[in-house]
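>>> Please find the sequence and the predicted model below.
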Amino acid sequence: MPSPAQMAHASMASSSWPLFTATRLSYDVASGRWRETQNCKVQIATSAFARGGMRLAFRGLEHETTGALSPCVLKFFEEEQLKHPKYYFAEASTQMVAESIAQEFNKALKRNESAFRAARRGSSTLPTIGFVPVSVLRFNDKSVFGQRFCTIEPLLDGQYRKHTDNDGMSDNEPAAVAFEHFSHFHTAGSLVVCDLQGVSGTLFTDPQIHSLDGRGFGLGNLGNAGIQRWRAKHKCTSLCHVVCAARRTPSSSRGAASAPPRMQPPPPPPPPRRPAAGAHGLMRVAQPGESDAEVAARLQAEEYSVDDENGAMHFKEKRRRFDGFLDSAARWAA
């Protein structure tokens, strides 16, 4: 429900902002597909209120079927070469993949609630991580600022803060730092979710994902180099050890818990080396003389899984689904 400040903002702006009709496209992480979820009407401010590294952010008002006006933020790429629809689909899917990992983070923290309370000296509140839901809008009748596509998300209400960047630096907000570590641990070292900003220290928007093979997740994906830079600067907190303690390595026997992972600075290149499985959670060892590209290709080819008490998660299948989203996006953009 909009806050009083948001409602006042909606009332003031509703008569002056132009109205557009659009089709909302949402990404389903489980199936790896984009779906038309609804047609919508949205008013968009005529000037941006914020500028990021690649996009301009505009305030907006979405007209709900009930007649209510919901404050939202619409983001448009600024550079001409980035206005292709695939870049909008990549940005939106990044945030939804981050949200799916956040749900697993919350489950892991709940499973280890007693360890959390011991580490935080009886703190009664378990942090719940979340990412603002993001969709892609395809404007139906005319372009907006010369573009047919943009991303849309709810307007965050509260004090906005940047907690981490895409290079491993942070303000030491415990939940944000631990979530980044968990994203790397949970995906067997194949990616890290970083560049966290938002409100309350637990509700985020605009993350970046670095993946081991450098594929997908927008132009900010720096691949293995980004992961290694993050690892070199990451400093574990007690919450890191709590939330990562319940997972088991693929090489361990079913039921044998691994020790809480501790991040260590990576060794200097060359040659590229990685710690053995178990030293930092679920990671694989580079073979002698193997390049980063060869490591990425081998990991992609391997059908390995991570066991926990909820079952097995097959990363080959997840990689296939992540790779499929651009193909799906291209069909929508045609």
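That came through, no problem.
>>> In the lengthiest helix in the chain, which of the residues would be classed as buried?
For the chain, the longest helix by residue count, based on DSSP state H, is helix 85-111. For helix 85-111, burial by neighbour count (16 or more other CB atoms under 10 Å) applies to 85-99, 101-102, 104-106, 108-109, 111. No exception for glycine: its C-beta is placed from N, CA and C like everyone else's.
>>> same deal with stretch 185-200?
Neighbour-count burial for stretch 185-200 [16+ other CB under 10 Å]: 185-198, 200.
>>> Please flag which of those sit within helices.
Mapping the buried residues of stretch 185-200 onto helices (DSSP H) picks out Phe185, His186.
>>> Helix or strand with the lowest mean pLDDT in this protein?
Lowest on mean pLDDT, DSSP states H and E among the helices and strands of the chain sits strand 305-308, with a mean of 35.
>>> Can you tell me the closest non-neighbouring residue to Lys110?
By the measure of CB to CB, 6 or more residues apart in numbering, the closest residue to Lys110 outside its immediate chain neighbours is Leu126, 6.7 Å from it.
>>> quick one: the one you found from Ala245, how far?
From Leu126 over to Ala245 the distance is 15 Å, taken as CB to CB, to the nearest Å.
>>> Kindly report the same for Gln208.
26 Å.
>>> what does Lys86 give?
39 Å.
>>> okay, who's weakest in the buried residues of stretch 185-200 by pLDDT?
Ranked by pLDDT, these bottom out at Ser200, which scores 88.
>>> Just confirm it contacts Leu156, I think it does.
No. Using CB atoms under 8 Å, Ser200 is not in contact with Leu156; the gap is 9.0 Å.
>>> Can you tell me which of the buried residues of stretch 185-200 comes closest to Lys162?
Gln197 (4.2 Å; CB to CB).
>>> show me the contacts for the closest one.
Tyr160, Arg161, Lys162, His163, Phe204, Thr205, Asp206 (CB atoms under 8 Å, 6 or more residues apart in numbering).
>>> Looking at these, which are in strands?
Arg161, Lys162, Phe204, Thr205 (DSSP state E).
>>> Export those as a markdown table, with columns for pLDDT, neighbour count and distance to His181.
Listed next are the ones in strands among the contacts of Gln197 as a markdown table, based on pLDDT from 0 to 100; neighbours: other CB atoms under 10 Å; distance: CB to CB, whole Å:
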| residue | pLDDT | neighbour count | distance to His181 |
| --- | --- | --- | --- |
| Arg161 | 92 | 14 | 19 |
| Lys162 | 93 | 15 | 18 |
| Phe204 | 96 | 27 | 15 |
| Thr205 | 94 | 21 | 20 |
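>>> could you dump those residues to a markdown table with distance to Arg215?
Shown next, in a markdown table, are those (distance: CB to CB, whole Å):
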| residue | distance to Arg215 |
| --- | --- |
| Arg161 | 30 |
| Lys162 | 26 |
| Phe204 | 23 |
| Thr205 | 23 |
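>>> So what touches stretch 53-64?
Against stretch 53-64 from outside (CB under 8 Å, 6+ apart): 9-10, 13-14, 17, 19, 40-45, 47-51, 69-79, 82, 91, 152, 155, 219-220.
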